[in-house]
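Enquirer: Based on what follows, work out the 3D shape:
(2 chains)
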Amino acid sequence: MTQLAQLDRQVLETAKRRERSYAWRQTRVAWVFIAPAVLLVGLFSLLPVAFNVGLSFTKWQRFSGIDEFAGFANYQRLFALPYFSEAMMNTVIWVIGAMVFPLVFGLLLSLVLRNMAFQETIKSLFFLPRIFAPTAIGAIWYYVYAPHGVVNSVVSGVTGSEFDFGWLYVPSTVTGAVIVTFVWQNLGITMVLLLLGLSSIPKDPIEAARVEGATPFQVFRYVVWPLLLPTVMVVTILNVAAGFTTFDLLWVMASDFPGKRTLSLAVYMYYESFGKGAWAYGAAVAVVLGSIVILVSAFLAVVQSRVTKRIQ
Amino acid sequence: MKILNNITAASLVAAVSVGAAQADDLRMVVDKQNWMEGIQAMVDGAGEATGQTIQADLVTPTDQYQAFIQTSIAGGNTPDFFSWWNGGQLTDLAETGAAADLSAQWDAAIEAGDFSSAQRDLVSVDGLPYAFLMNQASWVTFYNMEAFAEAGITETPTTWAEFMDACEKLKAAGYTPINAPGTEWMPFIWFSQLVAGVDPEAFVGINDGSVAYNGEAVQEAFAMWVEMYERGYFSDPREKDDQKFFVDGSAAMYLTGDWHTGSFVASGMEPGTSLATFLTPPVNADAGLSVIIEAAPILVSAASLEANPAIGDAVLAMMTADASNTLGEIAGVYNGNLQANTPNAIIEANMAEIDARQPRGLVRWWEAVPPQIQGDLVSAMGAFMLNPTAEQAEETMTLMDQISADYWANN
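Expert: Have a look, this model is predicted:
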């Protein structure tokens, strides 16, 4: 009996050893496959971020000071001049504009186009601006808004008197003007994503609601919209990220605007670092911008997860 | 097959040879768009004289050029030659050790009578010269002689009252009196002239932090700037082509460095017939006549010079009268070589007038201001030019004072 128990234990231990060995082999194989990705992310994403955070605590500007510790001085200086606050405010406007307008117009378009003839042709036309680089779009729209550009020529033609308003030179209009360009360029992709979302909604609940006497608005509000929410969340996350990081359009279109550094935090960060050589201060702006983006993204991820659970 | 192998081998050798030749080329990077042809001719001459190939490359606009040089130096990839600025701009760059000490070349050039010790001082930090001159210019008011004649102005203004009177006559004759571009770095032009014209001591003081940017002299300068805008003396600051209104004949005067002569001539203006200059009179007669002086230096990478001492010979070649004449003839700029020809009648006349009237020479604001706040201050001035009201002037001065105070408190 004792011998039998001993044998059982030996068999059990051998089995466990084999299992451990197998698990270890599996882990090693997994690491072999994961390692390149971990290495790349670590080397090209996490390490530069850590380096940037470190830089923000130095006095590095132009050609000197990288080896001098500044403590929180760069963060304290963020509010010494009005630029950071203005850039922050404009970034908020950008994020709201980039989130709301493409979604609203994209949704309207996708609902209108859903059952329309020549849908593919019209979709392609709206999608066309998306295939051009933002710098090229910016260069074209610069002339649309120029003092003697398309917009002012139209206004001059309509009113009969010369109109040369500087849309891209005045603080109260420059952000709005560039957001219009952004919406124009991104409307197509938003519309296509929403159309995909609409096409994946099953027809049964819609037909059931109609049979029950629901109005078209009620069908949209209580059936289509909840089922479309996951797609809306994806579109929102993409547009919010674009709103935070838009740089090229602003840099090209507002190149002559004296306050262009304040047009967004991304532009301000670039201007301070690469324009002025205030590398450490620019790094501090980048840390703040990055932190905000992470917080907002995390919030949106939580919302998305709750929406998905509710639908399931 | 053998033929194919030979062709392949020959192609590879040729490709490697071409690659090697390009890798050995020296590179000069500048931000002077209008002078590129002259600069390339000058470096070609220096290259031929010293058996090297030098390629001149352009990077613009100014803010991106500065970013390019800063990142090149930070990355240990300083161009062999590059244009920069003197004053505070040169000081912190020299401290990096990236720029070569050109004492040997300056000693030889001074001994040969090409340059003076005073010129060497323009590009020196702590007594050591870190650059050679590509341009040495005076800031004067260019004017369209035909517009002046049409407006009935027979003498160039020598007092501020005469200057304002000339503006009024030009306006009455249908001209925009003054071409005043406001893009990129240009907003500081009239700010500098007016502050220097009100009080040259204050002009010096704002750049070392001893005078506030909303002090009395600056307030007076801005009041005059507002008044001139209200009277309609300035052109639209939004025009990207800085000389457009002047060369097309719609604006009659243009305050700028006399290095600009070449591009005016290239656009069809003729010195002595349609183009001439005068020293801009001071706003306050008590302030005395002053003239803003600009120097455009070319620096040499210390690492390049150490690796290739023949670069020093190329520098010497670019400091000769021949190089100066080549640059002057093509680009119309004068690098100050004492044995060279003045490139045109305008620069010659300016030198003669400065010699005769002995104005106070002031280092240009761009070079004198701490580089860390240069861009912020120019932007504030640009905001005023786009909205030239008394309220905006007040806002601009307050912001400029904040920028300056913040800098001096932290440096």
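
Enquirer: where does the chain dip in pLDDT?
Expert: I'll assume chain A. A:1-2 (pLDDT under 70).

Enquirer: That was the other one, I meant chain B.
Expert: B:1-23.

Enquirer: Which stretches in it count as strands?
Expert: Using DSSP state E, the strands of chain B run over B:26-30, B:54-58, B:81-83, B:124-125, B:128-129, B:131-144, B:176-179, B:251-257, B:275-278, B:290-300, B:360-363.

Enquirer: Please name the nearest non-neighbouring residue to the residue in the stretch 201-312 of chain A that chain B sits nearest to.
Expert: Residue nearest to chain B within the stretch 201-312 of chain A: residue A:258 (3.4 Å; Cβ to the nearest Cβ). The C-beta positions use only the backbone N, C-alpha and C, and glycine is treated the same way. Leaving aside its sequence neighbours, residue A:258 sits nearest to residue B:382 (Cβ to Cβ, 6 or more residues apart in numbering or on different chains; 3.4 Å).

Enquirer: Residue B:410 too?
Expert: Using Cβ to Cβ, 6+ apart, the closest residue to residue B:410 is residue A:77 (7.2 Å).

Enquirer: any idea how far residue B:151 is from residue B:170?
Expert: 5 Å (Cβ to Cβ, to the nearest Å).

Enquirer: So between the two, which is more surrounded?
Expert: residue B:170 (25 against 21; other Cβ atoms under 10 Å in any protein chain shown).

Enquirer: Show the contacting residues for that one.
Expert: Contacts for residue B:170 (Cβ atoms under 8 Å, 6 or more residues apart in numbering or on different chains) come out as B:147, B:148, B:151, B:153, B:176, B:177, B:252, B:253.

Enquirer: With residue A:247 instead?
Expert: Neighbours of residue A:247 in contact, by Cβ under 8 Å, 6+ apart: A:264, A:266, A:267, A:270.

Enquirer: the helices in chain A, which residues?
Expert: Secondary structure of chain A, counting by DSSP state H: helices at A:2-41, A:47-55, A:73-76, A:83-113, A:119-127, A:134-145, A:150-159, A:171-199, A:203-211, A:216-219, A:225-245, A:248-253, A:265-270, A:279-311.

Enquirer: What residues of the second one count as buried?
Expert: Residues of helix A:47-55 classed as buried: A:52, A:55 (neighbour count, 16 or more other Cβ atoms under 10 Å in any protein chain shown).

Enquirer: Could you pick out the residues of chain A near chain B for me?
Expert: Taking Cβ under 8 Å from any Cβ of the partner chain, the part of chain A that reaches chain B is made up of A:61-64, A:73, A:77, A:80-83, A:147, A:164, A:166, A:169-170, A:256, A:258-261, A:271, A:274-279.

Enquirer: Report the set of residues contacting both of residue B:151 and residue B:170.
Expert: residue B:252.

Enquirer: quick one, what contacts the closest residue to chain B within the stretch 1-150 of chain A?
Expert: With Cβ to the nearest Cβ as the measure, residue A:63 is the residue of the stretch 1-150 of chain A nearest to chain B, at 4.1 Å. Under the criterion of Cβ under 8 Å, 6+ apart, the neighbours of residue A:63 are A:277, B:70, B:73, B:74, B:92, B:93, B:95, B:96, B:98.

Enquirer: which residues sit in contact with the second one?
Expert: For residue B:70, the contacting residues are A:62, A:63, A:274, A:277, taking Cβ under 8 Å, 6+ apart as the criterion.

Enquirer: Hmm, the third one is touching residue B:69, no?
Expert: No - look at residue A:274 against residue B:69 with Cβ atoms under 8 Å: they stay out of range, at 10.9 Å.

Enquirer: the more surrounded of the two?
Expert: When neighbours are counted by other Cβ under 10 Å, residue A:274 and residue B:69 differ, and residue B:69 comes out ahead with 23 against 18.

Enquirer: Nearest residue to the more buried one in space, ignoring adjacent ones along the chain?
Expert: residue B:82 (5.9 Å).

Enquirer: Residue B:28 too?
Expert: Closest to residue B:28 by Cβ to Cβ, 6+ apart is residue B:81, at 3.8 Å.

Enquirer: So what pairs up with that neighbour in the strands?
Expert: Taking DSSP bridges, one obtains residue B:28, residue B:300 as the residues bridged to residue B:81.

Enquirer: Against chain A, how distant is it?
Expert: According to Cβ to the nearest Cβ, to the nearest Å, residue B:81 stands 18 Å off from chain A.

Enquirer: how far away is that residue from residue B:125?
Expert: In terms of Cβ to Cβ, residue B:81 sits 18 Å off from residue B:125.

Enquirer: which of those two has more neighbours?
Expert: residue B:81 (29 against 18).

Enquirer: ok, the residue most central in space within chain A - contacts?
Expert: Residue closest to the average C-alpha location in chain A (Cα atoms, centre = their mean): residue A:241, at 1.3 Å. With contacts defined as Cβ under 8 Å, 6+ apart, the neighbours of residue A:241 are A:293, A:297.

Enquirer: how about stretch B:397-409: buried residues?
Expert: B:397, B:399, B:400, B:401, B:402, B:403, B:404, B:405, B:406, B:407.

Enquirer: Now render those as CSV, adding distance to chain A.
Expert: Shown next, in CSV, are these (distance: Cβ to the nearest Cβ, whole Å):
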residue, distance to chain A
B:397, 14
B:399, 7
B:400, 11
B:401, 11
B:402, 6
B:403, 6
B:404, 11
B:405, 9
B:406, 5
B:407, 10
